[in-house]
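Asker: sequence-free structure coming up:
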């Protein structure tokens, strides 16, 4: 089973991604976290997702900080991260693409997002974590 950890402060996003990405045959499980703090609680319990979908603009700990803390920990630093955010200025896009596996803008089409995440999961499982 593939595990996806989604970190976003918007309940609607968490719910739509959980419903949209989990498949009926049980091959994909979505774990939702409403904050960076909740993300680290999940990771510290030993949950190791195959991929993390991370919002940038969140109260408290933003997505940049979450990514940095994940990268600092040897237990988690090889987890691929995809930014999913409404923050889409040129700097954010360029920098986000350089430090994460992918960068997806909100609003998003759920079918397109599902295809992209499935593609990335498939590619990761065949080749291991990669940066393009």
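Answerer: Received, thanks. This one's a predicted model, so the numbers in the text were calculated from it and none came from an experiment.
Asker: by contact count, what packs against the longest helix belonging to the chain?
Answerer: If you go by DSSP state H, the chain has its longest helix at helix 110-127. For helix 110-127, the packing partners by 3 or more Cβ pairs under 8 Å, 6 or more residues apart in numbering; DSSP states H and E come out as strand 2-7, helix 11-21, strand 51-54, strand 81-85, strand 102-105. Placement of C-beta: from N, CA and C, glycine included.
Asker: Next, format the ones you listed as a markdown table and append distance to residue 35 and mean neighbour count.
Answerer: Converted to a markdown table, the helices and strands packed on helix 110-127 look like this (distance: least, Cβ to Cβ, whole Å; neighbours: other Cβ atoms under 10 Å):
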| stretch | distance to residue 35 | mean neighbour count |
| --- | --- | --- |
| strand 2-7 | 7 | 22 |
| helix 11-21 | 11 | 16 |
| strand 51-54 | 11 | 25 |
| strand 81-85 | 15 | 23 |
| strand 102-105 | 20 | 18 |
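Asker: The nearest residue to residue 8 once chain neighbours are set aside and residue 24, how far apart?
Answerer: Using Cβ to Cβ, 6 or more residues apart in numbering and skipping the chain neighbours, the partner closest in space to residue 8 is residue 55 (4.2 Å). When distances are taken as Cβ to Cβ, to the nearest Å, residue 55 and residue 24 turn out to be 26 Å apart.
Asker: the more surrounded of those two?
Answerer: Between residue 55 and residue 24, counted using other Cβ atoms under 10 Å, the more crowded position is residue 55 (24 against 6).
Asker: OK, contacts around that one?
Answerer: 7, 8, 9, 10, 13, 63, 83, 84, 85 (Cβ atoms under 8 Å, 6 or more residues apart in numbering).
Asker: That one and residue 25: what is the separation?
Answerer: Distance from residue 55 to residue 25, by Cβ to Cβ: 28 Å.
Asker: next one: residue 75
Answerer: For residue 75, the distance to residue 25 (Cβ to Cβ) stands at 29 Å.
Asker: element containing the residue lying closest to residue 34 once chain neighbours are set aside, please.
Answerer: Ranked by Cβ to Cβ, 6+ apart and with sequence neighbours excluded, the top spatial neighbour of residue 34 is residue 9, at 5.7 Å. If you go by DSSP states H and E, residue 9 is not part of any helix or strand.
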